[in-house]
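>>> what's the 3D shape of this:
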Amino acid sequence: MIWFTLALVTALASASQDSWVKYKFSSYSTAEMLAFPMLYSLPLLGVALFWVTIPQLDRTFWWCFLVSLPLNGVAFFLHMRAIQISPLSLTLPYLSFTPAFMFGTGFLFLGELPNLWGAVGVGIIVTGSYVLNINPSGYTLLAPFRSLFKERGSMIMLLVAVMYSLAAVLGKKAILHSSVLFFTLFFFLSLNSLTLLVMELSVKGRVARVLSRPGPGSIAGVLFFTHLICHGWAISLTKAVYMISIKRMSILFGVLYGGIFFAEENLWYRLTGTALMVAGATLISLKGL
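Modelled structure (predicted):
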């Protein structure tokens, strides 16, 4: 069960990174928020890659690699935008839909076919999403659905979940055609560098602003690096949907961070909804395939 421990560490690092970036850098632009973990993880990625053996790479690897670059870049940007404009407890839980969306992407790219338990897991996730958006004041039966469509960050994160479901299976396929450490390090070294280059070319001076906060930036970089390494290692040891389901425990950690550090409202409803969504994701991981 090494993969389970690695996936849980990934979840904790991911939630901690989101909370730290929101806490320290939400006054910056969305692109600059994204740049902090990307820039400050570059030295760690570069040094680690130096010690990794380069495997033989085929066309499948390069196809997955090239498609994954823009896909992850856009998904990470939207992820940052969602947590910037909306509470963590109303955005991060929608990542629970990633395992559900992976039923389609996992089968399409990896041949991983779910069973009927998957439908039950999806139903629980949807129920959790409903509870998550309950507001005790002025509650009506359809109010939680209206709340979802009114909260821009929630809608954005739902789109991010779709993108992550595709990115995760493409990443695993690339790993199967290379190696865990090589793909993880080489891919994110490339993605981070390209993202920072595009950001600087679009608006000069942005990288300089990010470099002006080395202390908080370094913490963001270490958390992002830990997230990436544990993610890549864990997903190579089990089915992609299993790993992503456990990684979505980051949602529960993130909601707790939102209540503790950002004093977000209606925390009990949001914790209950989040618990249901995590339970649905866990059911998918244990029985869904």
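>>> tell me the contacts of the nearest residue to residue 34 once chain neighbours are set aside?
Among residues not flanking residue 34 along the chain, residue 80 sits closest, at 4.6 Å (C-beta to C-beta, 6 or more residues apart in numbering). Glycine gets a C-beta too; all of them are placed from N, C-alpha and C. Residues touching residue 80, when contacts are defined by C-beta atoms under 8 Å, 6 or more residues apart in numbering, comprise 21, 30, 33, 34.
>>> mind listing what's buried in the longest helix along the chain?
Using DSSP state H, we find that the single longest helix of the chain is helix 59-85. Of the residues in helix 59-85, 61, 64-65, 68, 71-73, 75-84 count as buried by neighbour count, 16 or more other C-beta atoms under 10 Å.
>>> before we move on, what about stretch 11-26?
Burial within stretch 11-26, assessed by neighbour count using 16+ other C-beta under 10 Å, is assigned to 11-22, 24-25.
>>> I figured residue 124 hits residue 282, correct?
No. In this structure, residue 124 is not within contact of residue 282 by C-beta atoms under 8 Å, at 9.3 Å.
>>> quick check: residue 150 vs residue 90, distance?
Look at residue 150 and residue 90: by C-beta to C-beta, to the nearest Å, they are 10 Å apart.
>>> actually residue 237, sorry about that
When residue 237 is compared with residue 90 (using C-beta to C-beta), they lie 32 Å apart.
>>> who has more neighbours, those two?
Using other C-beta atoms under 10 Å, the more surrounded residue of residue 237 and residue 90 is residue 90, with 25 against 15.
>>> picking that back up, can you lay out the buried residues of stretch 11-26 as JSON lines showing distance to residue 212, secondary structure and pLDDT?
As requested, the buried residues of stretch 11-26 are exported to JSON lines (distance: C-beta to C-beta, whole Å; DSSP: H, G, I helix; E, B strand; the rest coil; pLDDT from 0 to 100):
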{"residue": "11", "distance to residue 212": "31", "secondary structure": "helix", "pLDDT": "89"}
{"residue": "12", "distance to residue 212": "28", "secondary structure": "helix", "pLDDT": "92"}
{"residue": "13", "distance to residue 212": "25", "secondary structure": "helix", "pLDDT": "94"}
{"residue": "14", "distance to residue 212": "25", "secondary structure": "helix", "pLDDT": "91"}
{"residue": "15", "distance to residue 212": "26", "secondary structure": "helix", "pLDDT": "90"}
{"residue": "16", "distance to residue 212": "23", "secondary structure": "helix", "pLDDT": "93"}
{"residue": "17", "distance to residue 212": "20", "secondary structure": "helix", "pLDDT": "93"}
{"residue": "18", "distance to residue 212": "22", "secondary structure": "helix", "pLDDT": "91"}
{"residue": "19", "distance to residue 212": "22", "secondary structure": "helix", "pLDDT": "92"}
{"residue": "20", "distance to residue 212": "17", "secondary structure": "helix", "pLDDT": "94"}
{"residue": "21", "distance to residue 212": "16", "secondary structure": "helix", "pLDDT": "93"}
{"residue": "22", "distance to residue 212": "19", "secondary structure": "helix", "pLDDT": "90"}
{"residue": "24", "distance to residue 212": "12", "secondary structure": "helix", "pLDDT": "92"}
{"residue": "25", "distance to residue 212": "11", "secondary structure": "helix", "pLDDT": "92"}
